[in-house]
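[1] Structure for the following, please:
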Amino acid sequence: MGSVETFESLEDFNACLQQYEEDTNTKFVVLKSDRAFGKNVKTVPFNGVPFKIIGKKTYICHQGRDKHAKAKQRRQESKAQGHEYSCLKTRRLMQPTKKMGCPATINVVHIARFPEYKITEDNPYQKREMSSAVREALRLDPKRALVNTWKEEGCSVEYRPSQKEEDGSVLKMLLCLQTPWQKRLMLLYGQHMCLLDETYRAGRNSLPLYFLWVRTNVSYAAVGVFVTQTETKEDIAEALKVFQKWNSDWNPSHFMVDFCEAEISALEEVFKGSKVLLCDVHQEKAWTEWTRKKDNGVASQEEVLKLLRAIADSQTNEEFEKNTVTLQQHPDWQSNEKLKKFVSTWLVHAERWVNMLGNVHVNVVAFKNKGVEREKDVLKHSHLKGHRNCSLSETLIVIMKHFLPRSYQKYVELNIKCSNGKYSTNVPCYVKHRPRVIAQHIMKQHQESLLYNTSDIMSSGKNIFSVHSQTSQEKHQVNFGTDDELPSCTCIDWQRHLLPCQHFCAIFTLVPGWGWENLSAAYRTNPLFTFDEVCLGQSGTLPADLQGEEVLKNNQENDTNPERDSCTSSPERCPSPAAPFETILTSPNAEKREKCGTLLKEISELTCYIQDRTFLDSVADRLKDLLEDIRRHTHHDDILDLSCAPPSKKLCSATAGLPEPLNKVPERCPISGIVGSQAELVRATPTNDF
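    Here you go, the predicted structure:
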């Protein structure tokens, strides 16, 4: 019989075990452990003698009995019979195992004590009374205190613990959370498209954690959080009805989800007039993983994937039927029942992922789930780093206290940064005062449109024009839309981004009386095209707990992150045609200019966190003096140049024989975030990326 020792906490026991292993030169491994062992127990705050066993854990010597003996035996038998293990290389070991049958064992019991329920006499009556009192105290859910705290902070909270009803039925657990700023962004950006996404492996808890996302003018933002007990249609629908009750004016025309039958059914039940689309990023991932799995027996994997992508990119009903028949005539389809069943499951929901059927009524910006995936990575690998084994309550505390406030702070700062600055004289009026990512895309299209002449544009009816292509003999039809019809163009760029293309920009520039204001009102008034005026009135300062070295560290990480939001990146600048080309290749002041740019950037970032108004006034005065001094030493006063120089055939021919700079910066990949056949098309077609 071994000795018995009591520890006040799991940390004390782990420290003792580690010290014992060092002193005795031994090593212990876990043989078995209860799921609840080591879990943080929320008890009624008292001191007591009654206790409850939470879990048990058993350690054995690492040279004790072999825990994997049966698995090793099965592997040896399979190898002897010539199965899959026979082809693997094996090592010849002089000692095939280190197991010596050591009997050393450590049994650990995790208990919670309740001293305030101490009994005065050892009799059955007092034991029953105190046992009932302890059970009643434990029945009162400790999460109530956390819920009350969120309500006091102004959050909308709907919480119902799992409990057994009088009729024997079980009422499932439900938790819905939404802050005031989330409600505002939901109503502002969520009327057209919302994304419902479940976050897996966010903590030790196994309960489904869902986020409602919207695409804002500068980034993606989570506008709702809810937890259900199961992933069934009924539980998800009940949570969605809570958000519908909180936001009576919220009625999205579209939702985007992964391929989950429960989520699709729940959304269609709660939002009768909304259309549910499937995310193409997860669609491509699901297709690729399924076809490349050996058990599914797809011989021509790449060919099948190309045929599936062709179906997804169908632009007409005839093209859709033709591509479907082509897939059904493929040898893999003819011989593989698994492939038939898999593809048939997707074809049942073709209207949710085929371009011709699903995106007909999407009125602005191709919504990709890539931004949501990056935000989820930030949550898991940054905010929840070191909290992998935390409980549901601890996970929600991290989300409500850190992840969501930082997300909104990023949204505010990007609106403020993108709205500041002057514009060059060559920037057209319809590009000014728009979010940077929108402005940069339209400005690139405007530069391409400068090669068009009035003879390239012809009127083809009310609000409709025909524009000649600069690369082929094709004519593109440009429709400005009406109150009942959204704008459109037949070019690839419009189909990819649903933003004004070079053909729209050519009409804006060359056709009198036709501009941005002639676009359909439902399109041009979309909040994605403007800044959030509420944010522009805020100082953009972070909470006190987010300041200091941690903030500077985060800024440095963002500066080195290749996937940061394009709003914060400087626009590409091309040389002015008037400048000598030799000056562009070798500038003696390039290093000094780069140093000045670095200092100015650091000043711009740090001023966002200053709260002293007097100091800010003094900084502003000094910067004004510095700006006037710089203007006296320059030939122009362009502060924010969203464009590069207009394309010039003469400039291209004049510089054809000159060498390229030695330290040429590689261009950003034009297919970032694009998958499937669209990526292949972009590789072959020189278009601007959004």
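[2] Spatially, what comes nearest to Asn296 if we skip its sequence neighbours?
    If the residues on either side of it in the chain are set aside, Asn296 comes closest to Lys338, at 5.1 Å by Cβ to Cβ, 6 or more residues apart in numbering. C-beta coordinates here come from the backbone N, C-alpha and C atoms, glycine included.
[3] Could I get the phi/psi values of that neighbour?
    Dihedral pair for Lys338: phi -60, psi -40, per degrees, to the nearest 10.
[4] thought it was touching Lys294?
    No - between Lys338 and Lys294 there is no contact under Cβ atoms under 8 Å: 11.6 Å.
[5] so how far is the longest helix anywhere in the chain from its chain's centroid?
    Assignment by DSSP state H gives helix 613-632 as the longest helix of the chain. In terms of Cα atoms, centre = their mean, to the nearest Å, the centre of helix 613-632 is set 39 Å apart from its chain centre.
[6] repeat for stretch 50-63
    On Cα atoms, centre = their mean, the centre of stretch 50-63 falls 40 Å from the chain's centre.
[7] What of stretch 486-501?
    Computed by Cα atoms, centre = their mean, the separation of stretch 486-501 from the middle of its chain amounts to 25 Å.
[8] Report the separation between the two terminal residues of that stretch.
    Using Cα to Cα, to the nearest Å, the end-to-end distance of stretch 486-501 comes out at 15 Å.
[9] likewise stretch 160-171?
    Start and end residues of stretch 160-171 are separated by 8 Å (Cα to Cα).
[10] contacts for that stretch?
    With contacts defined as Cβ atoms under 8 Å, 6 or more residues apart in numbering, stretch 160-171 is touched by 141, 143, 172-175, 229.
[11] Now do that stretch, average pLDDT.
    Mean pLDDT, stretch 160-171: 79.
[12] Would you indicate which residues of it are buried?
    For stretch 160-171, the neighbour count (16 or more other Cβ atoms under 10 Å) marks Pro161 as buried.
[13] Can you give the distance of that stretch from its chain's centre?
    So, by Cα atoms, centre = their mean, the centroid of stretch 160-171 is 35 Å from its chain's centroid.
[14] again, but for stretch 498-517
    33 Å.
[15] Can you give me the first-to-last residue distance of that stretch?
    Counting by Cα to Cα, you get 17 Å between the two ends of stretch 498-517.
[16] outside of it, which residues touch it?
    Residues outside stretch 498-517 that contact it (Cβ under 8 Å, 6+ apart): 362-366, 428-430, 438, 441-442, 445-446, 448-450, 452-454, 456-457, 465, 467, 470, 476, 478, 480, 487, 489, 491, 493-494, 524, 690.
[17] List the buried residues for that stretch?
    Buried positions in stretch 498-517, judged by neighbour count with 16+ other Cβ under 10 Å: 498-510, 514-516.
[18] same deal with stretch 222-237?
    So stretch 222-237, judged by 16+ other Cβ under 10 Å, has buried residues 222-229, 233, 235-237.
[19] Can you list which of the residues you listed are found in helices?
    Under the assignment DSSP H, the buried residues of stretch 222-237 contribute 233, 235-237 to helices.
[20] which among those gets closest to Thr316?
    Of all those, Thr316 sits closest to Lys233, with 33.6 Å by Cβ to Cβ.
[21] quick one, what contacts the closest one?
    Shown in contact with Lys233 (Cβ under 8 Å, 6+ apart): 261-262, 265-266, 269.
[22] gap between it and Cys260?
    From Lys233 over to Cys260 the distance is 10 Å, taken as Cβ to Cβ, to the nearest Å.
[23] need the next SSE after the helix or strand of the chain with the lowest mean pLDDT, C-terminal direction.
    None of the helices or strands of the chain scores lower by mean pLDDT, DSSP states H and E than helix 581-585, at a mean of 30. Sequence-wise, the next helix or strand downstream of helix 581-585 (DSSP states H and E) is helix 590-606.
[24] what ranges do the strands span in the stretch 1-150 of the chain?
    For the stretch 1-150 of the chain, strands defined by DSSP state E, counting those that start in this stretch occupy the ranges 28-33, 51-61, 105-113.
[25] picking up where we left off before, make JSON lines out of the ones in helices among the buried residues of stretch 222-237 and add pLDDT and distance to Phe7.
    Output for those, formatted as JSON lines (pLDDT from 0 to 100; distance: Cβ to Cβ, whole Å):
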{"residue": "Lys233", "pLDDT": "95", "distance to Phe7": "46"}
{"residue": "Asp235", "pLDDT": "94", "distance to Phe7": "40"}
{"residue": "Ile236", "pLDDT": "96", "distance to Phe7": "43"}
{"residue": "Ala237", "pLDDT": "96", "distance to Phe7": "47"}
